[in-house]
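Colleague: Fold the following, please.
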Amino acid sequence: MGKIHKKHIAFELIKAQRALQNYQGTSQGRSILIVVSGVAFSEKTTAVKHLSSLLDPHGLRIVANEVKTINAHVPFWQPYVEHIPQEGEIVVLLGNWYDQLLATALQKDQNTVDIPQILQQILAFEAYLKNQRVEVMHFWFDLSWSALKQKSLEKELLATQVQQLYGVDWFNKKCYQKAQQLRHTFTQDWIHIAADDPTPTLSFAQHILYICQHSTLPQHDHFTFDSVTLSPRLNVTKQEALAREQYEDTLAQLIQQFVVLLRQEKRQIVVVFEGMDAAGKGGAIARVIEGLDPLEYGIHAIAAPKTHELQRPYLWRFWRHLNQKKLTIFDRSWYGRVLVERVEQITPSVLWQKGYQEINQFEQDLVKHNTLVVKFWLAIDVKEQGKRFKSRASTPSKQFKITAEDWRNREKWTDYLQAASDMLACTDHVHAPWYVIATNDKPRARLDVLRALIEQMTTTA
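Modeller: Have a look, this model is predicted:
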């Protein structure tokens, strides 16, 4: 990569940025995430500020975060979800997950922090971003100990204190040496801007220009997906209706038990509801939250993604709803990728097939970080669904629940059963189990949902 003359670099960067923006919303759309770390006073902040003068600010976001140690109960990526760029955008992260890793290693007892595991999680997350067309660049701005000491003498005390907000006390020689030793384990293939670089800000901009001009979209491996036989778990056998008094007494007991357990629970709880249309998801959710205060739960009804959501990694719109309340309920979820997107051919087959692995990794990540994940497939037979559709269509207060799309989906009943069977086969795990609940009898189904939640909370505590 040859040097570009200073007077041309701003023009070339703007041209490259325009090209990036022009692909927004197309099959060639992508974004760039620039991760910047380095020693204090190493010109990293100067280079980032200079970049903002070279690019159109409408397509650039510079995010500087005060760095805190990693919270073992929250996935490391959670604080950065809102900063993941959408297609056509460039985001610079000053104060990022690598700075957190360094801060955690230096500020906590080394025996209580599994640095290799955290690093592995970071690399897996970045691999997912790349597969979702987010180009991740890494820069390390370096400075020798002697040069750092000299610069610190030239700066005012407050400037030194600001630099320490990036998580590492670089002005303590012992910390400096430990941080340099650790960062060498993950910065080998990063772009390094050395202290003796005569034009560090231009070198930084030039590398970004090169990536804008030369990066390519990820190539997904093609493979043959073999569907399983239709799962017998999805069959709904005849159910006798519960007596009203028996149902109400049992419901009250289960609600009270669930409320007590939830308020004692130390983990976050994520509950997923999937199932055929009119299977009773809304009614089941209403009973789960009946005894709770709205402060304790959040419900997210997932519909077709909006434009800005389509232009980010698939899981992004679900990441942003997590860890806001003790109980998070998804009325439809990330499983849309392997259900409706598969059946309706909204997503290329190679992507929904990869979705199983991505979903499993996502849920495993949640469980590792103190989250209980429970998933419900609400099963209904085709005859009962037909009755409920007709009832909705003839009841003014329920007509909003039935659409032409629902009737079209009904024509693909077997396709949805096959997709659900494959989903159960690929994503039912001890750490994040599927409960298949028969819902031809709504009261019985609601009790079964509560029993399953109570079972998971008591047996996995």
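
Colleague: if I look at residue 430, how far off is residue 423?
Modeller: Remark: distance between residue 430 and residue 423 (Cβ to Cβ, to the nearest Å) = 17 Å. Every C-beta, even on glycine, is put in place using the N, C-alpha and C of the backbone.

Colleague: in a strand, that's where residue 374 is, yeah?
Modeller: Yes. With the criterion set as DSSP: H, G, I helix; E, B strand; the rest coil, the secondary structure at residue 374 is a strand.

Colleague: I'd say it and residue 430 touch.
Modeller: No. With contacts defined as Cβ atoms under 8 Å, residue 374 does not count as touching residue 430, sitting 12.0 Å away.

Colleague: Between these two, point out the one with more neighbours.
Modeller: Here residue 374 and residue 430 are set side by side on neighbour count (other Cβ atoms under 10 Å), and the busier one is residue 374, at 20 against 7.

Colleague: mind checking how far the more buried one is from residue 272?
Modeller: Separation of residue 374 from residue 272 (Cβ to Cβ): 7 Å.

Colleague: Same check on residue 321?
Modeller: Counting by Cβ to Cβ - residue 321 and residue 272 are separated by 12 Å.

Colleague: shared neighbours of these two, which are they?
Modeller: Taking Cβ atoms under 8 Å, 6 or more residues apart in numbering as the contact criterion, the common neighbours of residue 321 and residue 272 are residue 330.

Colleague: out of these two, which sits in the busier spot?
Modeller: For residue 321 against residue 272, the residue with the higher neighbour count under other Cβ under 10 Å is residue 272, and the figures read 22 against 18.

Colleague: Just the mean pLDDT for the helix or strand harbouring that one, thanks.
Modeller: Using DSSP states H and E, the element containing residue 272 is strand 268-275. Confidence over strand 268-275 (mean pLDDT, whole number) is 97.

Colleague: For the following helix or strand past that strand, give me every contacting residue.
Modeller: Tracing the chain past strand 268-275, the next element assigned as helix or strand by DSSP H and E is helix 281-288. Contacts to helix 281-288, defined as Cβ under 8 Å, 6+ apart, come from residues 251, 255, 258, 271, 273-275, 299, 327, 329, 331-332, 376, 378, 437, 439, 442, 445-446, 449-450, 453.

Colleague: how about helix 281-288: buried residues?
Modeller: For helix 281-288, the neighbour count (16 or more other Cβ atoms under 10 Å) marks 281, 284-285, 287-288 as buried.

Colleague: and which of those is nearest residue 176?
Modeller: residue 288 (51.9 Å; Cβ to Cβ).

Colleague: Would you mind listing where this structure has pLDDT under the threshold?
Modeller: Using pLDDT under 70 as the threshold, the predicted model of the chain has low-confidence ranges 1-7, 108-112.

Colleague: Next one: the closest residue to residue 212 other than its chain neighbours from residue 199, what distance?
Modeller: Sequence neighbours aside, residue 16 is the residue nearest to residue 212 in space, at 3.7 Å (criterion: Cβ to Cβ, 6 or more residues apart in numbering). Residue 16 sits at a distance of 19 Å from residue 199 (criterion: Cβ to Cβ).
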